[in-house]
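Novice: what follows is a predicted structure for the sequence shown.
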Amino acid sequence: MSTASGHLEGVPAAEVEDVELYHPHSWVTKYVFSQDAKIIGIQYALTATAIGFVALVLSWLMRIHLGFPGTFDFITPAEYYQFITMHGMIMVVYLLTALFLGGFGNYLIPLMVGARDMVFPWVNMLSYWIYLVAVLVLIASFFAPGGPTGAGWTLYPPQAILSGTPGGQDWGIILMLLSLMLFIIGFTMGGLNYVVTVLQARTRGMTLMRMPLTVWGIFTATVMALLAFPALFVSCVMMMLDRLLGTSFFMPALVVMGERLSHEGGSPLLWQHLFWFFGHPEVYIVALPAFGIVSDLISVHARRNIFGYRMMVWAIVIIGALSFVVWAHHMYVSGMNPYFGFFFATTTLIIAVPTAIKVYNWLLTLWRGDIHLTTPMLFALAFIVTFVNGGLTGLFLGNVVVDVPLSDTMFVVAHFHMVMGVAPIFVVFGAIYHWYPKITGRMLDEAMGKLHFWVSFAGAYLIFFPMHYIGLLGVPRRYHEIGEMAFVPPSAHTLNAFISVMALIVGAAQIVFLFNLAWSLRRGKPAGGNPWNAASLEWQTPETPPPHGNWGREMPVVYRWAYDYSVPGAPQDFIPQNQPPAKAAE
Amino acid sequence: MAVVIALVLVAIGSVTFHVLSPWWWTPIASNWGYIDGTLTVTFWITGVVFTAIVLFMAYCVLRFRHRPDHTAEFGPENKRLEWWLTIGTTVGVCVLLAPGLVVWHQFVTVPASATEVEIVGQQWRWSYRLPGRDGRLGTVAVRWISPENPLGIDPADVAGQDDVIIEGGDLQLPIGRPVKILLRAIDVVHNFYVPAFRAKMDMVPGQVTFFWFTPTRTGAFEGICAELCGLGHAVMRARVVVVEAPEYDAWLERQPTFAPRVASVQ
């Protein structure tokens, strides 16, 4: 079928051959201002991890303050609100979105679809540097007069820009809005790259329905992000105008601390609609790449094809589309027209169906598999447990009337941490243990990996499962101290303290992980090109780690899907995507 | 093997925790027992699904874990199974959604007999306004707000003259009578939430929102602010006292009305 040069018979290659001229020649163009998607991906991942560690430390500070009232009074209420706001915003936007799309997207898309690089490498480089500036602006707000904003990550006006909220009348909110706008600009540059690369730069034979689900997840999430982030961008512009020029997009006539403000006629609910029109798709912008990646982890480490591939692809696409018509389930008790509740509860519960199909198919991939309990597989299993748990509590909160007593309580905090905090982060960990050998050429240490896994899984479950019940009691979220409440028994304070202790322990386990990342870089076991015997294209590169250009002289040609594991009659329990059909079959 | 045990522990431990947990909602004091009912049904259905899924995972790991002689089975699809699972899930979702929507319809349909009570949120306290003998609340506007007229009642509106104003005190409600709570905020978004009543709604500056309920139990019930409203959010507490009708009428009689203030406002 194929000639030695990789061309199909009689058809010239469409791809450009690897030419020395394209490669960077100085250290700076190779590792700093790099246009290689793989380096950009690593830059994204390292920056996201660094800022994520800040968010972790903030969560420690919040938890000790909340868990042990009176003991850690060096944290003021204002600081507590600043910490929850920054923790939330960092985790959702600057860590998870940046890591899944900017990090894994950049590293994996070109390798998995068989491209030399992203299609617009220079714009791709710019994307990272603007992201870095966005992070620095965010960090700068810690050192600005008045500190960062304490408006909660949803930044609801009017309080976000008023004096009763930390940073409202200082620099905090301005820097936050500026940082978000920069992030969106940077993301758009990267996002266009990911979409066009998937659509235009796949190698010969890589049809859309042969792409690994990782690429499907990241691709769909990117399309969604390109549609959802503009809503946040315009909201930020409008709030900035309200704050700096005294316009009234979100500001009705108000009397604040006895003083009549000059605003008139705006709508606080407008912000909420715009924010959640971004904010709900954002949940899936994080979840869909996690869905895709975990599908591949399960398939590779269970040595079995992903079950129901086509259904999985369609489920990703349908979830992506539906997620644009469910946003107001965050607003059941916001004071919007209550009749919207009927519509949004219905759409929200409909999403449960394609989501459940994905869960079944993961389970059915395990079923009759050959399950290797490697660290990536352990994290994949932990993902299923936490995602199913968090997904099911979503059925409480999505069902409009059940949400009424639970909204704004710790139940919500427990739910979203389980479903879009813990679960996707377990996928991140699994993915790093899985692809680290390709990125560095060395394996991560297995013993440290197991320790990291067990503490993180058991600890996170013990934090967030009982937390639901604190919310059920009626304890609201975003209280810097629970204090005396008639409906909260003393034992709940003990539980609350226990949760804080677990949070410290789980946080400490992440230090093991960071140490492992650094230690294995030099001392890890050499991995070879394909340590997991995986079938997808990124494991078939001629060199590991792959150099700039990925494939050397010849582009790979793809003959099959990414899930040919344990195929009867095959000599090995996997068949690489670029392996031509056997002679015997011709 | 440790993984199998851990998964079984997660399933059994979660159910045991749920059953034995001393942490449960506060006893209800309103007509919204339907909400508790829907919540209980949801706990049951989701609990069964969660336990089943986690135990199935444990079974898979036990039965299909890697052993030297073991190989995986190749099988890309099973259309029949996929359809059955889809249909089963759809039915389960409908069973959850249908009662939820029915109860929501009750929640948004205020009985004609409901009396109106206004709650006003501001950083960081609650005020209440009850209609006087005429049974009507006077019109309000932000431009009327002043130290003498903190709720911004139009001094020229006859209906507002006998409005009862409560600042800083407890709100009393008569037992067994449906009440429509009108919610107003004059600075930022707040949310008036008494867990014993189950109902809550944001109060948004620039608009009036509402919810309704019928108190079904006498006693004092603590309320809190459930929407982040700035530094004092956590200390913004309230108390609603539900009493028998005669006691309520006597209490209402003692409360100050707007009329004596009109002169100073004008």
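Specialist: Arrived safely. Since this is a predicted model, take the numbers as computed values, not measurements.

Novice: and the residue of the stretch 201-350 of chain A nearest chain B?
Specialist: Nearest residue of the stretch 201-350 of chain A to chain B: residue A:252, at 2.8 Å (Cβ to the nearest Cβ). Yep, even glycine has a C-beta here, placed from its N, CA and C like the rest.

Novice: what does the stretch 151-266 of chain B put close to chain A?
Specialist: Of all the residues in the stretch 151-266 of chain B, those in contact range of chain A (Cβ under 8 Å from any Cβ of the partner chain) are B:152, B:183, B:186-189, B:191, B:193, B:195-196, B:198-207, B:209, B:220-222, B:224-235.

Novice: buried ones only from these, please, as a ChimeraX command.
Specialist: Of these, the buried ones go into a single ChimeraX selection, burial set by 16 or more other Cβ atoms under 10 Å in any protein chain shown:
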select /B:152,183,186,187,188,189,191,193,195,196,198,199,200,201,202,203,204,205,206,207,209,221,222,224,225,226,227,228,229,230,231,233,234
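
Novice: quick one, strands of chain A?
Specialist: Using DSSP state E, the strands found in chain A span residues A:255-256, A:259-260.

Novice: okay, those strands in TSV with mean pLDDT and distance to chain B next?
Specialist: TSV is the format used below for the strands of chain A (pLDDT from 0 to 100; distance: least, Cβ to the nearest Cβ, whole Å):
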stretch	mean pLDDT	distance to chain B
strand A:255-256	94	5
strand A:259-260	92	7
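
Novice: distance from stretch B:246-257 to the middle of the chain?
Specialist: In this view, stretch B:246-257 has its centroid 27 Å away from the chain centroid, taken as Cα atoms, centre = their mean, to the nearest Å.

Novice: and for stretch A:38-56?
Specialist: Offset of stretch A:38-56 from its chain centre (Cα atoms, centre = their mean): 12 Å.

Novice: and the residue of the stretch 201-350 of chain A closest to chain B, what is it in contact with?
Specialist: A:158, A:263-268, B:142, B:205-207 (Cβ atoms under 8 Å, 6 or more residues apart in numbering or on different chains).

Novice: tell me which of the strands of chain A is the most buried.
Specialist: strand A:255-256 (a mean of 19; mean count of other Cβ atoms under 10 Å in any protein chain shown).

Novice: among the contacts of residue A:252, which ones are in helices?
Specialist: Those of the contacts of residue A:252 mapping onto helices are residue A:268, per DSSP state H.

Novice: now the contacts of residue A:252 as TSV including pLDDT and distance to residue A:388?
Specialist: Shown next, in TSV, are these (pLDDT from 0 to 100; distance: Cβ to Cβ, whole Å):
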residue	pLDDT	distance to residue A:388
A:158	95	39
A:263	94	45
A:264	93	49
A:265	93	46
A:266	95	42
A:267	96	38
A:268	96	35
B:142	92	48
B:205	96	40
B:206	94	41
B:207	95	39
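
Novice: closest one of the contacts of residue A:252 to residue A:231?
Specialist: Taking Cβ to Cβ as the measure, residue A:267 is the one of those closest to residue A:231, at 15.3 Å.

Novice: neighbours around that closest one, how many?
Specialist: Neighbourhood size, residue A:267 [other Cβ atoms under 10 Å in any protein chain shown]: 18.

Novice: could you do residue B:20 as well?
Specialist: Using other Cβ under 10 Å, residue B:20 has 7 other residues around it.

Novice: in chain B, what residue lies closest to chain A?
Specialist: residue B:206 (2.8 Å).

Novice: tell me how far the residue found closest to that residue once you drop the neighbours it is linked to in the chain lies from residue B:141.
Specialist: Spatial nearest neighbour of residue B:206, excluding adjacent residues (Cβ to Cβ, 6 or more residues apart in numbering or on different chains): residue A:252 at 2.8 Å. Distance of residue A:252 to residue B:141, computed by Cβ to Cβ, to the nearest Å: 11 Å.
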